[in-house]
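Asker: Got a predicted structure here, sequence first:
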Amino acid sequence: MNEKILLEKIASKDEQAFQFFVEKYHQMVLNICNNILNNFDDAMDISQEVFIKIYESIESFRGESKITTWLYRISVNKSLNHLRSKKRQKWFSGMDIIFNSDNDKNIPEDVSPKPGENIEIEENKKALHLALNKLPKKQNIALTLNNFEGLTYKEIAEIMEISVTEVGVLINRGKKKLKTLLIDYFKNN
């Protein structure tokens, strides 16, 4: 179904159209929420809030950007608002979704780790998790959207409501800081 027609049907409160829309985009919204929140249960709750927001405010979508960009922006904002409301918890307590076996679909099934590789993989995950936790919020979000969600700088700029140049600066600084943090981690451990 054409997105414009789909959005018009949702705006007219067509339940079937909205259900189709949710089924089409739920995994994408859940992934971005989980990448930011690193808590699957919270990500499920926030993803539901995202779709409630869409349903209630579909008329405000002007079509100036892609629907996916709008969804990413709402998902990021809802996730960040959720994190702000939980100030006692550390930002980005982990990025386990990145390493979830669901993301390893391209690896042939017959490839199994050699003895000791699991320990090394777990150590690398831990190192990345700790390093990502130490990055400034905006750098972490920009890196996550670019490297783990595969978005372009332009799409990230629209989602974060900053310039494309700022996105590039955030990603470059984030990569440099991440590299330094990982080197320090492995030197000290």
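Answerer: Received it, and whenever you're ready, just let me know what you need.
Asker: I'd like the domain boundaries of this structure, if you could list them.
Answerer: With domains defined by automatic domain parsing, the chain comprises 1-89, 116-189.
Asker: Give me the pLDDT value at Phe61.
Answerer: pLDDT, Phe61: 81.
Asker: Distance of it relative to Thr68?
Answerer: In this structure, Phe61 and Thr68 are 12 Å apart, going by CB to CB, to the nearest Å. Every C-beta, even on glycine, is put in place using the N, C-alpha and C of the backbone.
Asker: Give me the common contacts of these two.
Answerer: Common neighbours of Phe61 and Thr68 (criterion: CB atoms under 8 Å, 6 or more residues apart in numbering): none identified.
Asker: which helix of the chain spans the most residues?
Answerer: Assignment by DSSP state H gives helix 164-188 as the longest helix of the chain.
Asker: Report all helices and strands that that one contacts.
Answerer: helix 117-134, helix 137-143, helix 153-160 (3 or more CB pairs under 8 Å, 6 or more residues apart in numbering; DSSP states H and E).
Asker: I'd like those as CSV, with distance to Leu80 appended.
Answerer: Formatted as CSV, these follow (distance: least, CB to CB, whole Å):
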stretch, distance to Leu80
helix 117-134, 15
helix 137-143, 8
helix 153-160, 10
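Asker: between those helices, which one is nearest to Cys33?
Answerer: Closest approach to Cys33 among the helices and strands packed on helix 164-188 (CB to CB): helix 137-143, 12.2 Å.
Asker: Not counting that closest one itself, show me its contacts.
Answerer: With CB under 8 Å, 6+ apart, helix 137-143 has contacts from 36, 76, 80, 91-92, 132, 135, 156, 160, 167, 170-171, 173-175, 177-178.
Asker: From the chain's centre, how far out is stretch 153-165? Work that out for me.
Answerer: Taking the mean of its C-alpha atoms, stretch 153-165 sits 14 Å from the chain's own mean (CA atoms, centre = their mean, to the nearest Å).
Asker: and the residue lying closest to Trp70 once chain neighbours are set aside, backbone torsions?
Answerer: Among residues not flanking Trp70 along the chain, Phe61 sits closest, at 5.8 Å (CB to CB, 6 or more residues apart in numbering). Main-chain dihedrals, Phe61, degrees, to the nearest 10: phi -70, psi 120.
Asker: Return the distance of Phe61 relative to Phe51.
Answerer: Distance of Phe61 to Phe51, computed by CB to CB: 13 Å.
Asker: For this protein, name the helix or strand with the lowest mean pLDDT.
Answerer: helix 117-134 (a mean of 77; mean pLDDT, DSSP states H and E).
Asker: Go through the longest helix of the chain and flag the buried ones.
Answerer: 166-167, 170-171, 173-175, 177-178, 181-182, 185 (16 or more other CB atoms under 10 Å).
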